[in-house]
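> Pasting the sequence and the predicted model now:
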Amino acid sequence: MDLKIKGKTALITGADSGLGIETAKFLVREGVNVVLSDKKYGKDLQQAMKQVEKNCEKGAKTMAIAADISKNDEVLHLADTVEKEFAGAHIVFHSAGARGAAGDFLNLTDDDWMKTIEIDLMGAVRIARAFIPQMQNLGWGRMILVASENALQPYEEESPYNACKAGIVNLSKCLSRAYSKENILFNCISPAYIETPMTDAMMKELANEKNVSEEEAVQWFVENKRPHIAMQRRGKPEEVASVVAFLCSEHASYINGSNVRIDGGAVESAFG
């Protein structure tokens with residue numbers, strides 16, 4: 001399917017792995033210029049860029065820039081660089097985030113909460129604030145923020161993450177009401193238990209705790225911690241990326257303010 005976005009420019013945060021890199025591959029195959037960004041310009045981001053470059057078609061160009069989304073000056077520098085190199089971003093897929101502090105609610109400190117909020121909620125605020133003006137100047141925009149099943153079906157040991165992701169759903173809806181008349185559309189996605197470095201780390205930790213293989217840890221986690229995943233498996237990053245790519249396209253021109261669940265049926269309620 002031709003997504004009708006050839007020649008546009010996309011910024012992807014959290015681009016050195018997982019959802020970010022897979023979405024970048026989809027977009028460059030459609031002829032979209034992609035700026036990949038992550039916290040550090042290290043080996044992972046450089047390798048990600050090489051992988052994405054192999055998928056470039058229709059004249060697509062790529063660039064990699066480091067930016068820590070918890071620091072406003074770095075986000076502003078990122079936006080300035082994108083504007084100088086590509087005249088601005090038409091598309092933003094903000095996938096950077098972290099699980100943050102987890103555990104018993106009464107044991108979590110203010111510092112635990114604030115560290116999670118600075119990344120998972122304020123990171124999205126900073127990115128939106130920096131790139132909406134570029135979309136206004138370009139007269140066209142798509143911004144997709146990453147929420148989570150946790151926003152709709154929270155898990156008791158992840159209260160800061162739950163709250164931040166619920167905030168992302170609300171933020172996306174708020175922005176969709178504010179800027180859609182300027183042809184800028186905002187949506188968010190709520191993935192559940194996808195094969196990403198974050199869930200890999202969780203499974204490695206669980207495997208060590210239970211003295212089992214990581215594969216066995218995954219199966220235990222699905223059966224005991226995510227029993228509502230009807231498909232009984234982890235999702236694949238490309239299964240999420242294909243949905244994101246569609247939301248970036250001209251074909252999604254009447255989807256605005258939505259939260260798209262990509263969760264294998266993980267959210268138990270029909271109306272979550």
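Yes, it's here.

> C-alpha coordinates for the strand or helix carrying residue 12, CSV please?
Following DSSP states H and E, one finds residue 12 within strand 9-13. Below are the C-alpha coordinates for strand 9-13, written out as CSV (Å, rounded to 0.1, in the frame of the first residue of the first chain):
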residue,chain,number,x,y,z
THR,A,9,10.3,13.8,7.2
ALA,A,10,9.8,11.9,10.4
LEU,A,11,11.4,12.1,13.8
ILE,A,12,11.5,8.9,15.8
THR,A,13,12.6,8.9,19.4
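
> any idea which helix or strand comes after it?
According to DSSP H and E, the helix or strand after strand 9-13 is helix 18-29.

> what about the strands in the stretch 1-150 of the chain?
Residue ranges of the strands in the stretch 1-150 of the chain, as given by DSSP state E, counting those that start in this stretch, are 9-13, 33-38, 62-66, 91-94, 141-146.

> what's next to the strand holding residue 12, contact-wise?
20, 23-24, 27, 32-38, 67, 69, 78, 82, 86-96, 123, 127, 131, 248 (C-beta atoms under 8 Å, 6 or more residues apart in numbering). For glycine as for every other residue, the C-beta is placed from the backbone atoms N, C-alpha and C.

> Narrow these to just the buried residues.
20, 23-24, 27, 32-38, 67, 69, 78, 82, 86, 88-96, 123, 127, 131, 248 (16 or more other C-beta atoms under 10 Å).

> who does the strand holding residue 12 pair up with?
Paired neighbours of strand 9-13 in the sheet (DSSP bridges): strand 33-38 (parallel), strand 91-94 (parallel).

> What residues sit buried inside that strand?
In strand 9-13, the ones that count as buried by 16+ other C-beta under 10 Å are 9-13.

> Turn those residues into a markdown table, including distance to residue 106 and pLDDT.
Below are these laid out as a markdown table (distance: C-beta to C-beta, whole Å; pLDDT from 0 to 100):
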| residue | distance to residue 106 | pLDDT |
| --- | --- | --- |
| 9 | 46 | 98 |
| 10 | 42 | 98 |
| 11 | 39 | 98 |
| 12 | 37 | 98 |
| 13 | 33 | 98 |
